[in-house]
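Visitor: Okay, sequence plus prediction incoming.
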Amino acid sequence: LAKKEKPLPEIKEDEIPFEIPDGWKWVRLGEIGNYKKGPFGSALTKSLFVPKGKNTIKVYEQQNAIQKTVELGKYYITRKYFETKMKGFEVHPGDIIVSCAGTIGETFVLPEDIEQGIINQALMKMIIFNPVNIPYFLLFFDFLLKGNARKNSRGSAIKNIPPFDIFKKFLIPLPPQSEQKRIVSQIESLISRMEEAVEKAKAVIEQIDVIKKSILAKAFRGELGTNDPTEESALEILKSSGAERKKRAS
């Protein structure tokens, strides 16, 4: 039998990190989705893997989440082992997989027509309920994980996904669905403009480098118009310097 989960506690005033507009609502992650981590190591070892065939099930890996593709992966289990032991770890189109080892917190929404498969030990799957907009959720999820990491480890890399008894209590500000979509659109627009500005800045820096090299080349060819014909020539300076060295050496 599945273990009965404890009900999530009511949200208290001292938990709320900032004010949100009227019409928005603070909710816990556990209220808006189902979350499941991959099987324990002993339940899915390399000894269970078989070559891909007619009756095999794909094992999705953390690289699928990190690289955001379903094409990677070479591990499979038998359909029999899937039906008897691994069915609870199956993923479906629209599920979100999250990397939980090495590079932590990378997410990927599984597309339509994926190969039937399960998550491995290094993944977590998330099923987010309506009316939560998935792109909005993913933006906040990234913000939440990295903010929590900075708070708990002074900005170092995220060490792991928190245990579910903590993770499901995390708060997310939930606007009306139309506002969620507007927020995503605005963020994407701002990021796009920022990336364009960065590319323009790179082009300017490259141009400055070209101009700098051109100026240096002219300077060392005496083409900057700085010559003063009344000054002592370089040849005379060298002769004087040579005479001074001979005098000191004698």
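Guide: Looks like it arrived, so ask away.
Visitor: Scan this protein for its longest helix.
Guide: helix 177-220 (DSSP state H).
Visitor: At the geometric centre of the protein, which residue do we find?
Guide: Centre of the chain computed as the mean C-alpha position; nearest residue by CA atoms, centre = their mean is residue 106, 5.3 Å away.
Visitor: got the CA positions of stretch 27-47 in CSV?
Guide: Taking C-alpha atoms only, stretch 27-47 is exported to CSV below (Å, rounded to 0.1, in the frame of the first residue of the first chain):
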residue,chain,number,x,y,z
VAL,A,27,0.3,28.0,-2.2
ARG,A,28,2.7,25.2,-1.3
LEU,A,29,4.4,23.2,-4.0
GLY,A,30,2.6,20.1,-2.6
GLU,A,31,-0.7,21.7,-3.4
ILE,A,32,-0.1,22.2,-7.1
GLY,A,33,1.7,19.0,-8.2
ASN,A,34,2.8,15.4,-7.7
TYR,A,35,6.5,14.8,-7.2
LYS,A,36,8.5,11.5,-7.3
LYS,A,37,12.2,10.8,-7.1
GLY,A,38,13.8,7.9,-9.0
PRO,A,39,14.1,4.4,-7.6
PHE,A,40,16.7,3.6,-4.9
GLY,A,41,20.0,2.3,-6.2
SER,A,42,19.5,-1.3,-5.4
ALA,A,43,16.2,-1.4,-7.3
LEU,A,44,17.7,-0.3,-10.6
THR,A,45,21.3,-1.5,-11.1
LYS,A,46,23.2,-2.0,-14.4
SER,A,47,22.8,-5.7,-14.0
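Visitor: Contacts for that stretch next, please.
Guide: 5, 8, 11, 59, 75, 77, 85-86, 88-89, 100, 118-129, 132, 137, 161, 164, 167-172, 174 (CB atoms under 8 Å, 6 or more residues apart in numbering). Just so you know, the C-beta spots here come from the backbone N, C-alpha and C atoms, and that holds for glycine as well.
Visitor: What subset of those residues is buried?
Guide: Taking 16 or more other CB atoms under 10 Å as the criterion, what is buried in the contacts of stretch 27-47 is 59, 75, 77, 86, 89, 100, 118-126, 128, 132, 137, 161, 167-168, 170-172, 174.
Visitor: For residue 134, grab the count of nearby residues.
Guide: 17 (other CB atoms under 10 Å).
Visitor: Quick check: the gap between the spatially closest residue to residue 85 that is not a sequence neighbour and residue 89.
Guide: Counting by CB to CB, 6 or more residues apart in numbering, residue 43 is the residue found nearest to residue 85 once chain neighbours are left out, at 6.6 Å. According to CB to CB, to the nearest Å, residue 43 stands 9 Å off from residue 89.
Visitor: and if you look at residue 201?
Guide: Note on residue 201: its distance to residue 89, by CB to CB, is 46 Å.
Visitor: Residue 132 now?
Guide: Distance from residue 132 to residue 89, by CB to CB: 23 Å.
Visitor: for residue 44, same thing?
Guide: For residue 44, the distance to residue 89 (CB to CB) stands at 8 Å.
Visitor: Equivalent analysis for residue 139, please.
Guide: Distance of residue 139 to residue 89, given as CB to CB: 26 Å.
Visitor: repeat for residue 109
Guide: According to CB to CB, residue 109 and residue 89 sit 18 Å apart.
Visitor: got it, and residue 145?
Guide: Per CB to CB, residue 145 is found 22 Å from residue 89.
Visitor: and what of residue 241?
Guide: Distance, residue 241 to residue 89, using CB to CB: 81 Å.
Visitor: Same check on residue 103?
Guide: Plainly put, residue 103 is 21 Å away from residue 89 if you go by CB to CB.
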